[in-house]
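A.B. asks: how would this look folded up:
(2 chains)
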Number of protein chains: 2
Amino acid sequence: MPKRKAESNTMTDVQMHNTNGSTAYGKAAVNGLLKEESKPAAPKQTNRDDLQLVLQSFRLLIADLCQQFGMGHPGGAIGMAAFGVALWKYTMRYAPHSADWFNRDRFILSNGHTCLFQYANLYLSGYKAMTWEQLLSYHSERPDSLCPGHPEIEHEGIELTTGPLGQGISNAVGLAIATKHLAATFNRPGFEVVNNHTWCSIGDACLQEGVGCEALSYAGHLKLNNLTVIYDNNQITCDGSVDLTNTEDVNKKMEACGWEVVDVVDGVNDVEGIVAALEKGRDPKRTKPLFINVRSIIGVGSAVAGQAVSHGAPLGKDNVAAMKKAYGWDTEKVFHIPDKVKKFYEDIPARGEKYVKEWNDLLVRYTKEYPDLAATFKDRMAGKLPSNWASMIPSSFPADPTPSRKSNNMVVGKIFAECPTFMVGTADLTPSVNMTWPNYEIFNPPDLTPISGKKGSYKGRYIHYGIREHVMAAIANGLAAYAPRTIIPITSTFFMFYLYAAPAVRMGALQKLKVIHVATHDSIGAGEDGPTHQPVELAALYRAMPHLEYMRPGDSEEVAGAWARAIEYADGPSMISVSRHAIPQLPGLTRRAGVARGAYVLQEVEDADVTLIAAGAELSFPVSVARQLAETHRVKARVVSFPCHKLFREQPVAYQREVLRRHEGIPAVVIEPYVSLGWERWADAGVNMKGYGHSLPGKYIYEHFGYTTEGMAEGIEGFVREFKEGKVGRGEFVEL
Amino acid sequence: MPKRKAESNTMTDVQMHNTNGSTAYGKAAVNGLLKEESKPAAPKQTNRDDLQLVLQSFRLLIADLCQQFGMGHPGGAIGMAAFGVALWKYTMRYAPHSADWFNRDRFILSNGHTCLFQYANLYLSGYKAMTWEQLLSYHSERPDSLCPGHPEIEHEGIELTTGPLGQGISNAVGLAIATKHLAATFNRPGFEVVNNHTWCSIGDACLQEGVGCEALSYAGHLKLNNLTVIYDNNQITCDGSVDLTNTEDVNKKMEACGWEVVDVVDGVNDVEGIVAALEKGRDPKRTKPLFINVRSIIGVGSAVAGQAVSHGAPLGKDNVAAMKKAYGWDTEKVFHIPDKVKKFYEDIPARGEKYVKEWNDLLVRYTKEYPDLAATFKDRMAGKLPSNWASMIPSSFPADPTPSRKSNNMVVGKIFAECPTFMVGTADLTPSVNMTWPNYEIFNPPDLTPISGKKGSYKGRYIHYGIREHVMAAIANGLAAYAPRTIIPITSTFFMFYLYAAPAVRMGALQKLKVIHVATHDSIGAGEDGPTHQPVELAALYRAMPHLEYMRPGDSEEVAGAWARAIEYADGPSMISVSRHAIPQLPGLTRRAGVARGAYVLQEVEDADVTLIAAGAELSFPVSVARQLAETHRVKARVVSFPCHKLFREQPVAYQREVLRRHEGIPAVVIEPYVSLGWERWADAGVNMKGYGHSLPGKYIYEHFGYTTEGMAEGIEGFVREFKEGKVGRGEFVEL
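C.D. replies: Numbers count the residues shown, from 1 in each chain, chains lettered A, B, ... in the order given. Okay, here's the model as predicted:
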């Protein structure tokens, strides 16, 4: 196995790439960037031996933490020690004792498996929740540990949950967009009320994962000069050295994507060089995001330095002892942090409070100078929507058949136009999703006027994400996490392509982030686009996903209900699933308030033989089928509209029984051109898809798969008969 | 809206980037590449006016096809006319009358919405199935149309179904890997029995989509010089000009990713220039994949040329008439193909048969020279596995608790080692998935010896995909589609990260491609990695996905059954879901043959009160719970092992009843730490997850969520009582 030569580089060897392709080397180029007045304390004021002690102490703390229970990811965190010091001690503006300070710098650990890196830094810099006892609970049996296997948003000092690779860097782009947007909206000359920086550490994975590639490309396009990515370039992945799987020229690729690139040759020890590079990140004169390529060594200082084995398992007792010995430490002592090291971090909380105070003072002056703007800003910080938002939803809608994707615009067009909280985006489907409003501005760099389209502005609230569904959803998570409800991000694409975005939608759900996803072209009604675009099985995923509310509203009235619920829902994302094609309106039947209960009775009938269930684009089907059943088959059918599984599941059993009446012996049949999986809980039979769809124009495809009124009525009549005759056993779902 | 200047460039203006960054312009640089002897016919032998007629004819055909039913994607296909001619007439080696010829060049339309481009070229070049009548059926009501909204693998001349963006380019990488691998394995000096080229057209989307980025990066790493990507650079996406969302330097990025880049300045008319660039693609002296940046104009020749509106809707009657007028055509004629144009394509089928004959002759000589190798090659072409593969699976396994990810290796280690059909890959989890065998070779360029790891070889059958789950699955689809069962690709990662790969897994399922996915760390047993890594809702997706067989085998014996089924299954992909942690073996209870039926009785009991269902890592739970129920609660519980929903769903009702006995009034309770969605069909209650997991080491997490024998027994006893008392209504699933 390879070993990279450890700890041998000099401390100031920084190599810089500038954007025209030429390269500058050495200390001189860097020192110009060191702006003493803007930094907490220049590392050069610290004795270099002391710095080494801090680094050693950090590495040994990580090694000991992994050793205690024989589990964990030590190597990465150990290798990252130096830029941890550079960030928490010298660069980031944050306040451990006011962890939620609005204008704090955000740090995202996109290589989330190195979580100990962050936990140890939170502890050392004085976050109150991260006690010593908590730090020791990493990989313990404590369910209340603040040190889970990957960082989690619930815990103080953690901006977003990371772990699934490529998500964190995408979230960081979202955070940087949030800052840009709020700054453009609320800052005034001399009053930079929002100017925090976003720092994101990544490993090789974020450069390889597709969503990471999307994020980096899009951040470069947006010229997010308030975003700095620190690439922990240790050249090692689980399978071995990176060149086993990736030999691209990373710096060149990043430059091609519109980033400024800085190399730090000795990422192991050169705190000063790293600080110089990081300070460059904060330089407001730069016009691009900054990519710092930090050459580090995984598990540095140990016998397995530079080796994949140090990634995901403790280094081993002997290795840790040898590390201590090599550092001249007592090999018997564990979890030892020298007083000098403690002292090194001591000033951080007070410094943080100073930042907070300065900002609070600024806010007071801002409020005097711009009282109205300040009031709006405070409302936004508090997550308040204009109190009249609900009244902007029309009380009724045209009775003509309407594609529910168009209903969307009728329902929220005015809200989007008038409530600046909403940032609405699409993955290149503006003409399909109908989510714009008059005079909307596009979030794009102010110096960009595309060949087609409007001049960019960071004030813009309409985001063209490009053909990048996955990062769209991941960026939305970042926007939502900047501060609760300060920005409510909307994403949109075809429902089928929310499968591309699913890992990010899931992360939003896991974190209970308030994002609203608008999924058009649902069901087989997507038509001639064919089976690749017909999401027959995808609803099962989103109906199964905890916290997410997947809703299929059945007409404009229900679209109004879905949006009202989505805007109000505080515990996670929503997905509003709408149709490409015009669907009948059911005035007098549908009730917007019914959506929030998940399902409700659309048509009741005396002495019912069967309950027909439907949702979304096919909600009118059971209405026709019920009529046909009554007229032709003497079967009495009641109809239930069922837009959301999760919401109905959460209703009391009494309400569920009132709606479905299965406990009375009335069987339920669901009509939905998705596979049945998930409906078996609520129905005894289904007119569902048994496989993939087919390419046929909308008007033919329903017929092709048997969704005709006559055909369905006949099948349902047969089922009801067999059910009554006891031919269908308890819990035997019948596919019609 | 912008209009790019149409059809004004000269015909030979080709600009070339070479790899050291310098650039060569013009005709001279290109003409050196025109190797007359290797090309079907040089375009210069065709009168340029005739070529223009061919291009006009093609464009008008597309325009008319979209016009007839008022639907379709005309713009892209029209803009791509010239490189269509260059490919089908002048470059590709294929045989329309022997469409499945093994050594044919493969063409993948990764921008699948421009399918008319391919359909028209299939028609013009003489594919028998693509009759004139069929061509006219695009977007018609015919369910048997060979011209669906996106190309579909079922149809002659289509290599793979495309449409979801980024998939096709990834499939193309798989096809190119297949060629490289088969060539390295079977070719001998003078006997190039496999040497086809893969051509792939892409639009802007494939450069933006994450999976496309993964594909391009990985293809560059692999130095696939048998892959040429033609970038239809029309600078337009649905939302407008590309620069609205993407301003990266594409050529520079491609070079950074290890590609050779050629620019074609006039992609609209310069057939000769395009042919020159394409021929460069086939040059075996090149050591990199080739990226041809073809500047084209969407909807060229029409009034909406260069505009997004020409992308997804017909050009309009007047626009089409104006196009015809401008070309000097009869504006009244529709679907007109001049005789000269027909004649232009006439020689293609015969030429194809000549290729086939030459190859057949080569095969005869090869068989004489290398009889054994030729026999193996023929078996591989016929998709035959060694007849004794099944006997390589051990008949029994150690009785100690075993992680089922380790059982995998016991079951298929020998098969992988001895059956060269299998190409086994992982997304950077070699140490976790246990899928290697002694002396395995790595598929990597022969000139690559990574810092850690073995020297590469295209003969290698172990693929390190890097941290790129999505493209791993998409490449596997390409490997599987090269020829049926000639290569059986295996992919592997954590189950949770098959959510990243889901769009490609789905495409494989839709196309019934034989790929086997190995998903480790399933259930909450993933432990301390926490909720980001615990796939509580993902099984719902894969249980709902048509054609895919998602299996959770419960011990080594069942792992053997799962693999036997997966290797035999001919109608789609399989996913074998295994545990990170050691699980008890159940010798005498589990039966490998039971897996293929989806579920079977593990323990029967007289006068049962309840049936307990479980699968995978938790299969031993109901065995313990049944004992506890009998001992402590006088409840008699039978136990069913339920590894696969799809397989059980496909069993006759009689078998389903025999296994579950719910029709006898015996309730069923499922024990699985996933959310219940999907189980409601088979059970009346469940001990399932109600939300996301938690970061706790494996031994604590089950307890944390109530999966203790005592706790479960108590809950189930209570449920059985309520069920008997009729407190649970028909079809009311109870979450315990």
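A.B. asks: which residues sit in contact with residue A:582?
C.D. replies: Residues near residue A:582 by C-beta atoms under 8 Å, 6 or more residues apart in numbering or on different chains: A:400-403. To be clear about C-beta, it is placed using only N, CA and C from the backbone, and glycine gets the same treatment.
A.B. asks: next one, pLDDT for residue A:11 please.
C.D. replies: For residue A:11, the pLDDT comes out at 33.
A.B. asks: against chain B, how distant is residue A:513?
C.D. replies: Using C-beta to the nearest C-beta, to the nearest Å, one gets 13 Å for the distance from residue A:513 to chain B.
A.B. asks: got a list of what the residue lying closest to that residue once chain neighbours are set aside touches?
C.D. replies: The shortest distance from residue A:513 to any non-neighbouring residue, by C-beta to C-beta, 6 or more residues apart in numbering or on different chains, is to residue A:480 (4.1 Å). Residue A:480 makes contact with A:174, A:487-489, A:508, A:513-515, according to C-beta under 8 Å, 6+ apart.
A.B. asks: adding neighbour count and secondary structure as columns, could you present those residues in TSV?
C.D. replies: As requested, these are arranged in TSV below (neighbours: other C-beta atoms under 10 Å in any protein chain shown; DSSP: H, G, I helix; E, B strand; the rest coil):
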residue	neighbour count	secondary structure
A:174	32	helix
A:487	26	coil
A:488	21	strand
A:489	31	strand
A:508	31	helix
A:513	26	coil
A:514	25	coil
A:515	29	coil
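A.B. asks: mind checking which helix or strand the nearest residue to residue A:496 once chain neighbours are set aside is in?
C.D. replies: In space, and not counting its chain neighbours, residue A:496 is closest to residue A:535: 4.4 Å by C-beta to C-beta, 6+ apart. Of the helices and strands defined by DSSP states H and E, none includes residue A:535.
A.B. asks: per-residue pLDDT, residue A:535?
C.D. replies: So residue A:535 comes in at 98 (pLDDT).
A.B. asks: cool, residue A:48 as well?
C.D. replies: Per-residue confidence (pLDDT) for residue A:48: 84.
A.B. asks: all strands of the stretch 601-736 of chain A, in order?
C.D. replies: A:610-614, A:637-641, A:668-672, A:685-688, A:734-735 (DSSP state E, counting those that start in this stretch).
A.B. asks: would the shortest one count as contacting chain B?
C.D. replies: No: using C-beta under 8 Å from any C-beta of the partner chain, strand A:734-735 never reaches chain B; the gap is at least 8.8 Å.
A.B. asks: counting contacts, what elements does that strand pack onto?
C.D. replies: With contacts taken as 3 or more C-beta pairs under 8 Å, 6 or more residues apart in numbering or on different chains; DSSP states H and E, strand A:734-735 sits against strand A:685-688.
A.B. asks: for chain B, what's the nearest residue on the stretch 1-150 of chain A?
C.D. replies: Closest contact between the stretch 1-150 of chain A and chain B, by C-beta to the nearest C-beta, is at residue A:148 (3.2 Å).
A.B. asks: surely residue A:622 and residue A:615 touch.
C.D. replies: No: Residue A:622 lies out of contact with residue A:615 (C-beta atoms under 8 Å); the separation is 9.8 Å.
A.B. asks: list the buried residues of stretch A:355-363.
C.D. replies: A:355-356, A:359, A:363 (16 or more other C-beta atoms under 10 Å in any protein chain shown).
A.B. asks: for residue A:458, give me the pLDDT.
C.D. replies: At residue A:458, the predicted lDDT confidence score is 98.
A.B. asks: residue A:226 versus that one, what's the distance?
C.D. replies: Per C-beta to C-beta, to the nearest Å, residue A:458 is found 10 Å from residue A:226.
A.B. asks: so those two - more neighbours on which side?
C.D. replies: residue A:226 (25 against 20; other C-beta atoms under 10 Å in any protein chain shown).
A.B. asks: find the nearest non-adjacent residue to residue A:120, please.
C.D. replies: Distances taken as C-beta to C-beta, 6+ apart put residue A:61 closest to residue A:120, at 5.6 Å, once the chain neighbours are dropped.
A.B. asks: picking up where we left off before, pick the one among the contacts of residue A:582 closest to residue A:87.
C.D. replies: residue A:403 (49.4 Å; C-beta to C-beta).
A.B. asks: what's around the residue of the stretch 201-350 of chain A at minimum distance from chain B, how many residues?
C.D. replies: Of all residues in the stretch 201-350 of chain A, residue A:210 sits closest to chain B, at 2.2 Å by C-beta to the nearest C-beta. The tally of other residues near residue A:210 (other C-beta under 10 Å) stands at 28.
A.B. asks: so what's it up against?
C.D. replies: A:166, A:470, B:166, B:209-214, B:468, B:470-471, B:500 are the contacts of residue A:210 under C-beta under 8 Å, 6+ apart.
A.B. asks: can you give me the end-to-end distance of stretch A:246-260?
C.D. replies: Between the start and the finish of stretch A:246-260 there is a gap of 21 Å, counting by C-alpha to C-alpha, to the nearest Å.
A.B. asks: check stretch A:532-540 too.
C.D. replies: Note: stretch A:532-540 ends 17 Å apart using C-alpha to C-alpha.
A.B. asks: report the buried residues of that stretch.
C.D. replies: A:532-540.
A.B. asks: one step back: tell me which of the contacts of residue A:210 fall in helices.
C.D. replies: A:470, B:210-214, B:470-471 (DSSP state H).
A.B. asks: how about those residues in CSV, adding pLDDT?
C.D. replies: Below are the ones in helices among the contacts of residue A:210 laid out as CSV (pLDDT from 0 to 100):
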residue, pLDDT
A:470, 98
B:210, 98
B:211, 98
B:212, 98
B:213, 98
B:214, 98
B:470, 98
B:471, 98
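A.B. asks: in a markdown table, list those along with distance to residue A:390.
C.D. replies: Output for the ones in helices among the contacts of residue A:210, formatted as a markdown table (distance: C-beta to C-beta, whole Å):
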| residue | distance to residue A:390 |
| --- | --- |
| A:470 | 32 |
| B:210 | 37 |
| B:211 | 40 |
| B:212 | 42 |
| B:213 | 42 |
| B:214 | 44 |
| B:470 | 40 |
| B:471 | 45 |
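A.B. asks: out of these, the closest to residue A:242 would be?
C.D. replies: The nearest member of the ones in helices among the contacts of residue A:210 to residue A:242, counting by C-beta to C-beta, is residue B:214 at 14.7 Å.
A.B. asks: I'd guessed that closest one sits against residue B:468; true?
C.D. replies: Yes: in this structure, residue B:214 is within contact of residue B:468 by C-beta under 8 Å, at 4.2 Å.
A.B. asks: got phi/psi on the closest residue to residue A:444 other than its chain neighbours?
C.D. replies: Here the nearest residue to residue A:444 in space, its sequence neighbours aside, is residue A:456; by C-beta to C-beta, 6+ apart that works out to 2.7 Å. Main-chain dihedrals, residue A:456, degrees, to the nearest 10: phi -80, psi 160.
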